[in-house]
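Asker: here is a sequence with its predicted model. Questions after.
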Amino acid sequence: MPLLGFGTYLLRDGSACEHAVLHALNTGYRLIDTAAAYHNEESVGNAIKKSKVKREEIFVTTKFLPADAGYEKAKRAFETSLKNLGLDYIDLYLIHLPQGDVNASWTAMEELYKEDKVRAIGVSNFNIDQVQDLMKQHSIIPAVNQVETHPFSQKTDMQKALKSQGIQLESWAPFAQGKNNLFNNELLKTLSEKYNKSIAQVVLRWLIQKEIVVIPKSANEKRIIENFNVFDFELCADDMITMKSLDRGGGLIYHV
């Protein structure tokens, strides 16, 4: 699973979404994140088909809605997503929210995994207690927990707890959805000037160095490229420590 991927939240089905995903793949992204709730799986699948990238080189993630929680519903939701994407398998399938019959859903997902229809299964927006409860009742632990993670909500304790169980933390909303005036933050501006990189690039590089998978979204071609160009610099240890001062904790801001 690549540490840097491309998110598609709010990119509605249609040519704009297809173009953005295709541009991302041509730029070099190999992780594409979508969800049934985004209503764009068909466009994502079309972009994958139109790209010159081999299917086995692309890591595709999708998720199912709370309304599709439950054994039978989760199975049907998976088949619908697979058809919409036009793929033979999905790399990572997630429970989008910890709602509904999570345990029955997970049983269905375990079967999909054992049938090689999905290469990994995980969760999204779960807190530690919810993850642990799932683990107690099932044999397959989540490969990933995808939650809101950014400089103002760093999830340090969660990452430590997940890592101890072999679970990967993945960040959505790496730029805090533009809240807390992230792009005008004085510390981030200072680091941006120091490394001659944008604030967005500094944030993405910081997450990557913390070994957190991150999936920035953009429909802007220049920003798609900019967000990918974060492998030619590295934040020093002191700056990584300084970044901790931005953490304000805070709960999850669910999005579907």
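Answerer: Here it is on my side, so go on.

Asker: leaving aside the residues adjacent along the chain, what's closest to Ser171?
Answerer: Residue nearest to Ser171 in three dimensions, not counting chain neighbours: Thr149, with 3.6 Å by C-beta to C-beta, 6 or more residues apart in numbering. (Each C-beta comes from the backbone N, C-alpha and C, glycine too.)

Asker: next, count neighbours for the one you found.
Answerer: By the other C-beta atoms under 10 Å criterion, the neighbourhood of Thr149 contains 26 residues.

Asker: got the contact list for it?
Answerer: Going by C-beta atoms under 8 Å, 6 or more residues apart in numbering, Thr149 touches 155, 169-174, 207, 212, 214.

Asker: chain center to stretch 204-221, what's the gap?
Answerer: For stretch 204-221, the distance from its own C-alpha centre to the chain's C-alpha centre is 9 Å (C-alpha atoms, centre = their mean, to the nearest Å).

Asker: surely Gln165 and Asn145 touch.
Answerer: No - taking C-beta atoms under 8 Å as the definition, Gln165 is not a contact partner of Asn145, at 9.8 Å.

Asker: which residues do those two both contact?
Answerer: Taking C-beta under 8 Å, 6+ apart as the contact criterion, the residues that touch both Gln165 and Asn145 are Val131.

Asker: run through the helices of the protein in chain order.
Answerer: Secondary structure of the chain (DSSP state H): helices located at 15-27, 41-50, 71-85, 102-114, 128-137, 156-164, 186-195, 199-209, 221-228, 237-243.

Asker: what's the fourth one in contact with?
Answerer: In other words, helix 102-114. Outside of helix 102-114, the residues within contact range by C-beta under 8 Å, 6+ apart are 64, 69-75, 78, 93, 95, 118-121, 130, 134, 137-140.

Asker: buried among those residues? Make that a ChimeraX selection.
Answerer: Selecting just the buried residues from these in ChimeraX takes one command, with 16 or more other C-beta atoms under 10 Å as the test:
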select :64,69,70,71,73,74,75,78,93,95,118,120,121,134,138
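
Asker: any idea how far Asp91 is from the nearest residue to Lys75 once chain neighbours are set aside?
Answerer: Spatial nearest neighbour of Lys75, excluding adjacent residues (C-beta to C-beta, 6+ apart): Ala108 at 4.9 Å. Ala108 sits 18 Å away from Asp91 when distances are taken as C-beta to C-beta, to the nearest Å.

Asker: what of Lys155?
Answerer: 23 Å.

Asker: these two: which is more packed in?
Answerer: Between Lys155 and Asp91, counted using other C-beta under 10 Å, the more crowded position is Lys155 (23 against 19).

Asker: hmm, back to that, so Gln165 and Asn145 - more neighbours on which side?
Answerer: For Gln165 versus Asn145, neighbours defined as other C-beta under 10 Å are more numerous around Asn145 (28 against 13).

Asker: picking up where we left off before, give me the neighbour count for the residue nearest to Lys75.
Answerer: A count of nearby residues for Ala108, using other C-beta under 10 Å, gives 25.

Asker: quickly list what Ile90 is bridged to.
Answerer: Val118 (DSSP bridges).

Asker: that one: neighbour count?
Answerer: Residues contacting Ile90 under the criterion other C-beta under 10 Å number 22.
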